[in-house]
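> Sequence plus the predicted model coming up.
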Number of protein chains: 2
Amino acid sequence: MAKAQPVLIAGQWRDSDQVGSFEPDNPRTRQPTGETYPVSSIAEVEEAIEAAAVASEQLLAHYPEGVAKFLEVFAERIEARRDEIVAMAASETGYPAAPRLNDIELPRTTDQIRQAAQAARDRSWSMPTLDTASGIRSMLAPVEGGVAVFGPNNFPLAFNSVAGGDFAAAIAAGCPVIGKANSSHPGTSRLLAEEALVAVTEAGLPPATVQLIYRTDHEVGKRLVSHPLIGGTGYTGSRHAGLTLKEAADRGGKPIYLELSSVNPVYILPGALRERSDAIAEEFQTSCLMGTGQFCTNPGIVVLVAGEQTDAFVEAVSGRFDAAAVGTLLASGVESGMTASVKTLTSAGATLVTGGEAEAGEGFSYSNTLLTVTGQKFLADPETLQTEAFGNESLFVIAAELDEAVEIARHFEGNLTGCVYSDTEGSDDAAYDRIAPLLRRKVGRLLNDKMPTGVAVVPSMNHGGPFPATGHAGFTAVGIPASLRRFTMLQCFDNVRSQRLPAELQDNNPMQIQRLVDGVWTDAPTG
Amino acid sequence: MAKAQPVLIAGQWRDSDQVGSFEPDNPRTRQPTGETYPVSSIAEVEEAIEAAAVASEQLLAHYPEGVAKFLEVFAERIEARRDEIVAMAASETGYPAAPRLNDIELPRTTDQIRQAAQAARDRSWSMPTLDTASGIRSMLAPVEGGVAVFGPNNFPLAFNSVAGGDFAAAIAAGCPVIGKANSSHPGTSRLLAEEALVAVTEAGLPPATVQLIYRTDHEVGKRLVSHPLIGGTGYTGSRHAGLTLKEAADRGGKPIYLELSSVNPVYILPGALRERSDAIAEEFQTSCLMGTGQFCTNPGIVVLVAGEQTDAFVEAVSGRFDAAAVGTLLASGVESGMTASVKTLTSAGATLVTGGEAEAGEGFSYSNTLLTVTGQKFLADPETLQTEAFGNESLFVIAAELDEAVEIARHFEGNLTGCVYSDTEGSDDAAYDRIAPLLRRKVGRLLNDKMPTGVAVVPSMNHGGPFPATGHAGFTAVGIPASLRRFTMLQCFDNVRSQRLPAELQDNNPMQIQRLVDGVWTDAPTG
């Protein structure tokens, strides 16, 4: 068996108790990067879980100040090692080092980590609730045990298992993290975990606050998310693997937050098309092809009403797709996934307008692909025609008339986002009023006149939505502090003596946070 | 097949499409009440689900004002028919008409309903979050589809499927309810549903806002909670049936909130026992035998440290149990459950101090039962020795020394509550500081110097806890408005035109509610 890179368990970088190994590819060359990574054994994973459980108990003494300090030091260290991290991520993902990785994703990553540090200090998000007459008080507190984080392939930094959104949320909530690196960028994860461990030491946190493994077999993965000592899981990735983990976690009574597939329907109403067809075509092209279409909120389905201007719009987009450069895809599996998904869609009645070819650009790639299908065919097999093609592809559903476009809205599965473009003069308003209420309940985020890519990290963001886009429509994976709530439990204190209460709930409000006291939000002391 | 009582489907009381029937018993006479109730077919249940889905869409136009009005009218109508409802509940449950049903549970029920009406109007609990710079806003909104409510046997009014806590929470969140009556009080549920339907009509709500069935077979129950058109489920009852439903709901990606078993550990530390043994024995007796011990938060396990005063305490409690009246149990199954659970406990090493006899009082009954077990034996088989005996029973775990008492705290499953009694002079403080942090993370509500029965309906209450006490430790079944959040989804609005936003999120704050605007809670308008 090849000698593999070390894992990070209980504060030590050490040789893995490996049961196999793998080599990631460089997507631009279609060749292995030359680094070998281990597949961890059940014993190794259980050791990590047990170490995290101990750290979970110990972390309480360092919360929030030590945890916030760790996050701040970690952000600084990522920035200090920026060039090496960006170069590694570029070689593993095929994304351009600049602007994508260096100027967009890395700053976003450190910004999230710093927002998380601030949230750890400002515990208002834990909803401290005090009822003075009954002597009962409650708040959200970290779940018991570590949190397993499975990062996706498409954000090697901002959603990395040991530096991204789920990681920052779990840590800021007060939970140790066991990162399961995405197999397409293990080296990036390793560099980030190296910096995390130094920051853990510097902040004086328990050594097992951050651990890293690279891959497990399916049974070990199921054990990880359902283990009696695990606190919860954050997973972003494919629907099939996610649902397998969900079943195991559910059976063990363990919370798991999943972000799975989403086709992100976009309605472009007739008035909007009449008013600003070119501008919308440009917005669509940018949104659909950016990052070679590898975004969770990529606009995978566009609904239009049949007519001359729709024909012209399809032709315009098709021309733009042909003229645009073909980007590199993240992995061999993404390329083959595109081939399979496009075949599924055409077999179900969709027509290829342009694209449909693998190996069409540098490295792993697939030509920019546009398909169309009639509303009638879509309604005959909506499940198949909502198959996600993860990449630079979109399916335009052409409804025969408005009624059919409305009916289509009833048949969407749960999605992360839904958009409606309408004109500014009011001619689309009646159509909007029929479509938006239906779409509203199928999606986590409803947009007007705007494409769904671009997920701002603000408190009101919802990067979530009804199943099967996620596992629970009440929670979001992006947006701080809301995303922290996933890794908490509700703790109520009844008649607990004053000096024994956590700081968040003490009469004099020593943390000076906003609290819900007798039904009113205030930062005033009680009593 | 016997002619059965009608079901309430889509606004109509009508004969059930029944596949069987059952007769509830009068617990005091051990004889059937004489009324027959139907077991609903899959077709009937699917009709109810589809009607609720339509009502779910229609209800949006009546929310919140129509919904709040319905709840207020319903509360008034329950009070107007109070005598008949109380008499029916008494005959079906064996509870005393007064004070329990008439003076405690019915007022609690209507109070909850009125609190829910107020919460529907004051939408601050939906956490309206506005970020003015990004143009993004979000709030919690009702899930799509009806909510199935499975009520428990032990609160025929306050947790009734069509009038209790889960019902009121789901309705106030904006969701229609499909009530599945508890089989031990179908008549009480029928009377309440009759009043609910009148109130629905008076408030002008969609007829399928409240529906009622009485029983289904297991496969139909699983279909109900996992149906594509159901919005979610609230279930309170036995662990076995609850986990069967959970598996089905989880597989379908549907939220289900369960309240299952709980033994509610109580630590009585040596100093407290030395200081006020008699008072604690009295509090314990009252809490353990009240309602014949049939409370979710009944103190089923008490942890003590071995010694003379503990021996005296056991003797005192035993004497009190012998002297106290033996209450009536809710159903034949509760009586046989006591027999089975006590046998499980003694087989695992517990010793019967007193009690242990079925049919020891009027009707279904079991003698007031006290068991003890050593800490050593408990630690050898903690899972079996945490078997819940639902009724007038408790197991005293006698630790050899404090270290063992601390270790025991590590082995509790998730529970609704945990209590610690300590002295007022400080001699127990060191022990408290070792035990409380461990117990804290195993329970939803931590109490000091107070028995766990008595669940105040206040915003800070948590009637929840880690699995397997419930299905998700982040939510509570009691406490308004927090309990409403179970039946919501997070809805984000991105760049949505101002006049299209829901009232909660509009610039001028027309509902005059507290909102989180740019990180600060305020009721001021924005813009």
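Noted; the coordinates are in hand. Numbers count the residues shown, from 1 in each chain, chains lettered A, B, ... in the order given.
> CA atoms only: put the helix or strand where A:E247 lies into CSV for me.
Following DSSP states H and E, one finds A:E247 within helix A:239-251. Taking Å, rounded to 0.1, in the frame of the first residue of the first chain, the C-alpha atoms of helix A:239-251 are listed here in CSV:
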residue,chain,number,x,y,z
ARG,A,239,-27.8,13.4,-3.0
HIS,A,240,-27.1,9.7,-3.1
ALA,A,241,-24.3,9.7,-0.6
GLY,A,242,-26.1,12.3,1.5
LEU,A,243,-29.2,10.2,1.8
THR,A,244,-27.2,7.2,2.8
LEU,A,245,-25.6,9.1,5.7
LYS,A,246,-29.0,10.7,6.6
GLU,A,247,-30.6,7.3,7.0
ALA,A,248,-27.8,6.2,9.4
ALA,A,249,-27.8,9.4,11.4
ASP,A,250,-31.6,9.4,11.6
ARG,A,251,-31.7,5.9,12.9
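> how about the helices in chain A?
A:42-59, A:65-80, A:82-93, A:106-121, A:165-173, A:186-203, A:218-226, A:239-251, A:270-289, A:308-323, A:332-347, A:375-380, A:402-409, A:429-440 (DSSP state H).
> Okay, now the unreliable bits of chain A?
Chain A contains residues with pLDDT under 70 at A:1-2.
> what's the domain layout of it?
A:49-260+A:476-484, A:266-448 (automatic domain parsing).
> mind checking the end-to-end distance for the first one?
It stands for domain A:49-260+A:476-484. From its first residue to its last, domain A:49-260+A:476-484 covers 20 Å (Cα to Cα, to the nearest Å).
> same deal with the last one?
Its first and final residues considered, domain A:266-448 spans 10 Å by Cα to Cα.
> Tell me how far it lies from the chain's centre.
With Cα atoms, centre = their mean, to the nearest Å as the basis, domain A:266-448 stands 21 Å off its chain's centre.
> repeat for the first one
Here the centre of domain A:49-260+A:476-484 is set off from its chain's centre by 12 Å, with Cα atoms, centre = their mean.
> Now look at it and say if it contacts chain B.
Yes - residues of domain A:49-260+A:476-484 contacting chain B under Cβ under 8 Å from any Cβ of the partner chain: A:57, A:60, A:124, A:129-131, A:133-134, A:136-138, A:140-141, A:143-144, A:246-247, A:250-255, A:476, A:482. For the C-beta atoms, the positions are set from N, CA and C on the backbone; glycine is no exception.
> Only the buried subset of the residues you listed, as a PyMOL command please.
Per 16 or more other Cβ atoms under 10 Å in any protein chain shown, the buried members of the residues of domain A:49-260+A:476-484 next to chain B correspond to this PyMOL selection:
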select buried, chain A and resi 57+124+129+130+131+136+137+138+140+141+143+144+246+247+250+252+253+254+255+476+482
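> Which of the domains of chain A sits closest to B:I301?
Of all the domains of chain A, domain A:49-260+A:476-484 sits nearest to B:I301, with 19.2 Å by Cβ to Cβ.
> ok, how many other residues are close to A:A524?
A:A524: 11 surrounding residues under other Cβ atoms under 10 Å in any protein chain shown.
> My guess is it contacts A:V517. True?
Yes - using Cβ atoms under 8 Å, A:A524 makes contact with A:V517 at a distance of 7.4 Å.
> As a markdown table, the helices of chain A with distance to B:L371 would be great.
As requested, the helices of chain A are exported to a markdown table (distance: least, Cβ to Cβ, whole Å):
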| stretch | distance to B:L371 |
| --- | --- |
| helix A:42-59 | 31 |
| helix A:65-80 | 43 |
| helix A:82-93 | 60 |
| helix A:106-121 | 45 |
| helix A:165-173 | 39 |
| helix A:186-203 | 47 |
| helix A:218-226 | 32 |
| helix A:239-251 | 31 |
| helix A:270-289 | 66 |
| helix A:308-323 | 74 |
| helix A:332-347 | 58 |
| helix A:375-380 | 63 |
| helix A:402-409 | 60 |
| helix A:429-440 | 55 |
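> just to revisit the earlier point, return the most buried member of the domains of chain A.
Highest mean neighbour count among these (mean count of other Cβ atoms under 10 Å in any protein chain shown): domain A:49-260+A:476-484, with a mean of 23.
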